[in-house]
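Colleague: sequence? don't have it. structure:
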């Protein structure tokens, strides 16, 4: 209870809120970094949850083995084709997951994302291609997970994405995203190894009629290999394989985007994990990105 009270008061402190103000982030503000370091230190000191370690993955990276609570700092750098030159997007995403353990085999997980973007798109309102800063499209998600046995699990869910970002930082569309997948444990490789294919469908359902309609299938056949000393490597950890059925994007010549996508990381403690993901296209008939790097810091309790 003591830890929960401290965490609650810290998460609502004005210092932390100041760090995620109207701009993407304020690296020069020492007060912000001090507040975030205090948050990191407090959460890192939290004891592991009372449930068995086999019930969930404390790194916070396994969709089908969620921890009771997850707070994630995610920074992504991405370049993609633009009308006259490549467009660079930097995103600081703040994520919070909470898990409800209904029975020993049934779990419900909720998720919220709040992205802050910096993007240098060239358009009529930004002819010089300066970086524009602001909030992107926020979302909420819920997923139901069922453990069939110690090796197999299945799950499904849905995400609702709101057009909270102004042009060109948001899509201008309300979107739904059904999600389905399964998990196979691979103890023959190591205790923390698994294969986890997840399918999503991103579909715009309302919003600005002048903006591009979105309809694309997203797939990520995640293969996680647990390594010694709490290291791990994951192939295709994100649902970055895409087939586009919606309106074409700049530079599109077909429907398929197939990248090489790999993440490597380490559990720094029972409650903290850091990882770096790199993605480069192999086939980009539907050009999602030219290059992607993503750093994640997961804090669980």
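Modeller: Right, received. Where do you want to start? Note that the coordinates shown come from a computational prediction; the quantities given were computed from them, not determined experimentally. Residues are numbered from 1 along each chain as shown.
Colleague: Model confidence at the spatially closest residue to residue 231 that is not a sequence neighbour, what's the number?
Modeller: Across the structure, with C-beta to C-beta, 6 or more residues apart in numbering as the measure, the residue nearest residue 231 apart from its sequence neighbours is residue 266 (5.0 Å). Every C-beta, even on glycine, is put in place using the N, C-alpha and C of the backbone. Residue 266 is assigned 95 on the pLDDT scale.
Colleague: quick one: which helix or strand includes residue 266?
Modeller: Applying DSSP states H and E as the criterion places residue 266 in strand 256-267.
Colleague: what does that strand contact?
Modeller: The set of residues external to strand 256-267 that reach it, using C-beta atoms under 8 Å, 6 or more residues apart in numbering, is 58-59, 61, 220, 229-238, 240-244, 273-289, 292, 294, 296.
Colleague: could you point out which element follows it?
Modeller: Stepping forward along the backbone from strand 256-267, the first helix or strand reached (DSSP H and E) is strand 272-284.
Colleague: what's the average pLDDT for that next one?
Modeller: For strand 272-284, mean pLDDT is 97.
Colleague: re earlier: drop anything exposed from the contacts of strand 256-267.
Modeller: For the contacts of strand 256-267, a burial check counting by 16 or more other C-beta atoms under 10 Å picks out 58-59, 61, 220, 232, 234, 236-238, 240-244, 273, 275, 277, 279, 281, 284, 286-289, 292, 294, 296.
Colleague: Okay, helices next: where are they in the stretch 1-150 of the chain?
Modeller: With DSSP state H, counting those that start in this stretch as the definition, the stretch 1-150 of the chain shows helices at residue ranges 2-11, 14-19, 30-44.
Colleague: hang on, the earlier thing: what about the residue nearest to residue 231, neighbour count?
Modeller: Applying other C-beta atoms under 10 Å, we find 15 residues neighbouring residue 266.
Colleague: Any idea what it is bridged to?
Modeller: Beta bridges link residue 266 to residue 231, residue 274, judged by DSSP bridges.
Colleague: measure it to residue 113 for me?
Modeller: Distance from residue 266 to residue 113, counting by C-beta to C-beta, to the nearest Å: 24 Å.
Colleague: Residue 184 too?
Modeller: For residue 184 relative to residue 113 (C-beta to C-beta), the value is 27 Å.
Colleague: hang on, the earlier thing: what angle separates the strand holding residue 266 from strand 272-284?
Modeller: The directions of strand 256-267 and strand 272-284 differ by 160 degrees, with axes from the mean of the first three to the mean of the last three C-alpha atoms, to 10 degrees as the criterion.
Colleague: Tell me the buried residues in strand 256-267?
Modeller: Using 16+ other C-beta under 10 Å, the residues of strand 256-267 that count as buried are 257, 258, 259, 261, 263, 264, 265, 267.
Colleague: okay, these in CSV with distance to residue 171 next?
Modeller: Compiled in CSV, the buried residues of strand 256-267 are given as follows (distance: C-beta to C-beta, whole Å):
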residue, distance to residue 171
257, 17
258, 23
259, 21
261, 22
263, 25
264, 30
265, 29
267, 34
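Colleague: How much space separates the nearest residue to residue 122 once chain neighbours are set aside from residue 232?
Modeller: By the measure of C-beta to C-beta, 6+ apart, the closest residue to residue 122 outside its immediate chain neighbours is residue 129, 4.1 Å from it. From residue 129 over to residue 232 the distance is 38 Å, taken as C-beta to C-beta.
Colleague: Same check on residue 75?
Modeller: Residue 75 sits 19 Å away from residue 232 when distances are taken as C-beta to C-beta.
Colleague: for the stretch 1-150 of the chain, which spans come out with low pLDDT?
Modeller: The stretch 1-150 of the chain contains residues with pLDDT under 70 at 1-58.
Colleague: let's go with 90 and repeat that
Modeller: Counting by pLDDT under 90, the ranges of the stretch 1-150 of the chain that qualify are 1-61, 82-85, 122-129.
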